[in-house]
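J.: any chance you could fold what I've pasted below:
(one chain, ligands or ions: 1)
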Amino acid sequence: MPLFDTTLLLLLEGYAWLPSRWREAQGEMIRTRLLGQRAVVLRGPDAARFFYDDNHVQRAPALPEPIKSTLFGHGAVHGLDQGAHRARKAMFMGLMTPESVASLVRETTAAWDETVATWPGRGEVVLFDEAARVLTTGVCRWAGIPLDEEEAGPLAADLVAMVDGFGSPGARHWRARGARVRREAWLAEMVEDVRRGGSRVPPTSALGVVAAHREPDGQPLAARLAAVELLNLVRPTVAVAWFLTFAAHAMHNWPVTRVRLNDDVDGAYAEAFAHEVRRFYPFAPFVAGKAAKDLTWKGEPILADWLVLLDVWGQNHDPALWPNPCSFDPQRFIGREIGPYDLIPQGGGDPATGHRCPGEPVAVGLLEALAPRLARLDYTLPPQDLTVSPYRIPARVADGFVLRPVGAAVHREPVVSRPRPQVHPL
Ligand code: HEM
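T.: Next up is the predicted model:
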């Protein structure tokens, strides 16, 4: 049977693209064409284990130019394989020690508290925009990137644009390209300055580490590539604004979660809540690579060079793994051991040796720190669009979650609101 190219459907259907293909699929995989190439889609923990074996799937040949020019940058760690990947990944892992993650969370929490103190009297604030600015300030302080207060807004806007524009062909995409060109040039200059000794930064800061990093051949990263990798720390940290806005959305729709966050004495609920936000809300729909050689998956052939996709969103909503997957229930993570291949919003496997996101502890730590602070704030919601459309990649709360702060009071009672499912089940 001829296989039709479904790229256009992916652009139109967003997160619904794979559920639609699964409904048509026969057997254990989807067979399709994407960007003119043969592609298969796999799902489930066994599929994740298969996918994250770098003898099976390679990344270098699979990254499309539009993704490199917006989200990741050319030459980034995301598109490296084998030894080159491990060597570069070690630089990221070295920056993600528990102490370093705790310091990033501390800097960001301080920036959050400073920002929230300015809210009373400001009328309405858009949580998504505020969170992006706070995260930008926090991560730059942590990374040793000097940033004037008035620069935080424009930088946050550029970092958000790079994430927001990777999955759409229109104006959002071109904004993302422009933002990347601008910020790579800005950071490359900063790296060169550090190398010349013009700027003093702590050698253990992200800027210091990336500027001093040597590739396996002993050479430093080209300044532009160092800027790409610095952006691969700063940009995804700012992307946590998506999750924090989803956290507010969840507290609004399931007010009991807000009460539980308020009552949480040991942080166990906040951690479970952070995992449930990452599981429940859509972000990365899939991860992709190319078959390194002829393979067999559950008796089905996958030929060398075919695209291989792992269905991230589908796995995070698989009823076999997550009973009632369309119900937002942090309780499911209390006392649950999370295996390396079951909860995969940020990839699966071992982050040190494979492509799993090294920033997972950062995303979880930031949500654990900021969601309870949000839960304790006293605010009302003006009329607004709270829809999370499954047709937009990356999905976001339509109006960014507009809130009206009520004084600076610490909030103890839940905001009473009727739960309505505003994330469309697919
Ligand atoms: C909104 C929060 C985040 C989400 C949804 C997210 C998601 C992901 C996903 C899906 C991948 C790809 C995994 C794969 O290709 O198999 C990834 C990789 C990566 N992430 Fe994150 N991430 C987030 C936050 C972070 C943070 C905070 C950092 C760093 C501070 C970070 C740094 C990276 C890097 C460097 C990679 C490339 C890893 C590699 O190819 O080896 N991410 N992330």
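J.: what residues does this protein put near the ligand?
T.: Neighbours of the ligand within the chain, by C-beta under 6 Å from any ligand atom: 77-78, 89, 92, 232-233, 236-237, 239-240, 242-243, 283-284, 287, 345-347, 355-359, 362-363. To be clear about C-beta, it is placed using only N, CA and C from the backbone, and glycine gets the same treatment.
J.: okay, and which of those map to strands?
T.: residue 287 (DSSP state E).
J.: now, which of the residues of the chain next to the ligand lie within helices?
T.: Those of the residues of the chain next to the ligand mapping onto helices are 89, 92, 232-233, 236-237, 240, 242-243, 362-363, per DSSP state H.
J.: farthest-apart pair in those, please.
T.: The span of those, defined through C-beta to C-beta, is set by 89 and 242 at 23.7 Å.
J.: that older thread, the residues of the chain next to the ligand, buried ones only, as a PyMOL selection?
T.: One line in PyMOL is enough to select the buried members of the residues of the chain next to the ligand, burial here meaning 16 or more other C-beta atoms under 10 Å:
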select buried, resi 77+78+89+92+232+233+236+237+239+240+242+243+283+284+287+345+346+347+355+356+357+358+359+362+363
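J.: what's the neighbour count on residue 174?
T.: 14 (other C-beta atoms under 10 Å).
J.: correction: residue 56
T.: Neighbour count of residue 56, defined by other C-beta under 10 Å: 18.
J.: quick check, pLDDT for residue 390.
T.: For residue 390, the pLDDT comes out at 95.
J.: what about the residue lying closest to it once chain neighbours are set aside, distance to residue 22?
T.: The shortest distance from residue 390 to any non-neighbouring residue, by C-beta to C-beta, 6 or more residues apart in numbering, is to residue 15 (4.3 Å). Residue 15 sits 12 Å away from residue 22, going by C-beta to C-beta, to the nearest Å.
J.: before we move on, what about residue 65?
T.: In terms of C-beta to C-beta, residue 65 sits 28 Å off from residue 22.
J.: more crowded one of the two?
T.: Between residue 65 and residue 22, residue 22 has the larger neighbour count (other C-beta under 10 Å), namely 15 against 8.
J.: where do the strands sit along the stretch 51-200 of the chain?
T.: Along the stretch 51-200 of the chain, counting by DSSP state E, counting those that start in this stretch, strands occupy 57-58, 125-126.
J.: from those strands, which stretch is densest packed?
T.: strand 57-58 (a mean of 24; mean count of other C-beta atoms under 10 Å).
J.: helices or strands up against that strand?
T.: Applying 3 or more C-beta pairs under 8 Å, 6 or more residues apart in numbering; DSSP states H and E, one finds that strand 57-58 contacts strand 286-291.
J.: average pLDDT for the strand it packs on?
T.: 97.
J.: longest helix anywhere in the chain?
T.: helix 171-196.
J.: enumerate the positions of that one that are buried.
T.: 173, 175-177, 179-180, 183-184, 187-188, 190-192, 194.
J.: that one - what's its average pLDDT?
T.: Helix 171-196 comes out at a mean pLDDT of 97.
J.: may I have whichever helix or strand comes after it exported as CSV, CA atoms only?
T.: Heading C-terminal from helix 171-196, the first helix or strand you meet, by DSSP states H and E, is helix 206-212. Provided in CSV are the C-alpha atoms of helix 206-212 (Å, rounded to 0.1, in the frame of the first residue of the first chain):
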residue,chain,number,x,y,z
ALA,A,206,27.8,28.1,32.9
LEU,A,207,29.4,30.9,30.9
GLY,A,208,32.8,30.1,32.4
VAL,A,209,32.5,26.3,31.8
VAL,A,210,31.2,26.6,28.2
ALA,A,211,33.8,29.2,27.3
ALA,A,212,36.6,27.0,28.7
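J.: ok, the closest residue to residue 82 other than its chain neighbours to residue 37 distance?
T.: Excluding the flanking residues, the one nearest residue 82 by C-beta to C-beta, 6+ apart is residue 54, at 6.2 Å. Look at residue 54 and residue 37: by C-beta to C-beta, they are 20 Å apart.
J.: next: residue 155.
T.: Using C-beta to C-beta, residue 155 is found at 36 Å from residue 37.
J.: these two: who's more crowded?
T.: residue 155 (23 against 15).
J.: for residue 7, which residues are in contact?
T.: Residues near residue 7 by C-beta atoms under 8 Å, 6 or more residues apart in numbering: 33-36.
J.: cutoff 10 Å now
T.: 17, 32-37, 39, 169 (C-beta atoms under 10 Å, 6 or more residues apart in numbering).
J.: quick check, the residue nearest to residue 82 in contact with residue 89.
T.: No. Using C-beta atoms under 10 Å, residue 54 makes no contact with residue 89, being 11.3 Å away.
J.: find residues that contact each of those two.
T.: In contact with both residue 54 and residue 89: 353-355, using C-beta under 10 Å, 6+ apart.
J.: bridging residues for residue 220?
T.: Assessed by DSSP bridges, residue 220 has beta-bridge partners residue 214.
J.: skipping adjacent residues, who's closest to whichever residue of the stretch 1-150 of the chain sits closest to the ligand in space?
T.: Using C-beta to the nearest ligand atom, the closest approach of the stretch 1-150 of the chain to the ligand is made by residue 78 at 4.1 Å. What sits nearest to residue 78 in space, not counting adjacent residues and going by C-beta to C-beta, 6+ apart, is residue 72, at 4.6 Å.
J.: what about the one you found, neighbour count?
T.: Neighbourhood size, residue 72 [other C-beta under 10 Å]: 22.
J.: residues touching it, list them.
T.: Counting by C-beta under 10 Å, 6+ apart, residue 72 has contacts 63, 78-79, 162, 166, 180, 228-229, 231-232, 235-236.
J.: quick revisit: so among the contacts of residue 7, which ones count as buried?
T.: Applying 16+ other C-beta under 10 Å to these flags 17, 32, 34, 39 as buried.
J.: pLDDT score for the first one?
T.: The predicted structure scores residue 17 at 94 on the pLDDT scale.
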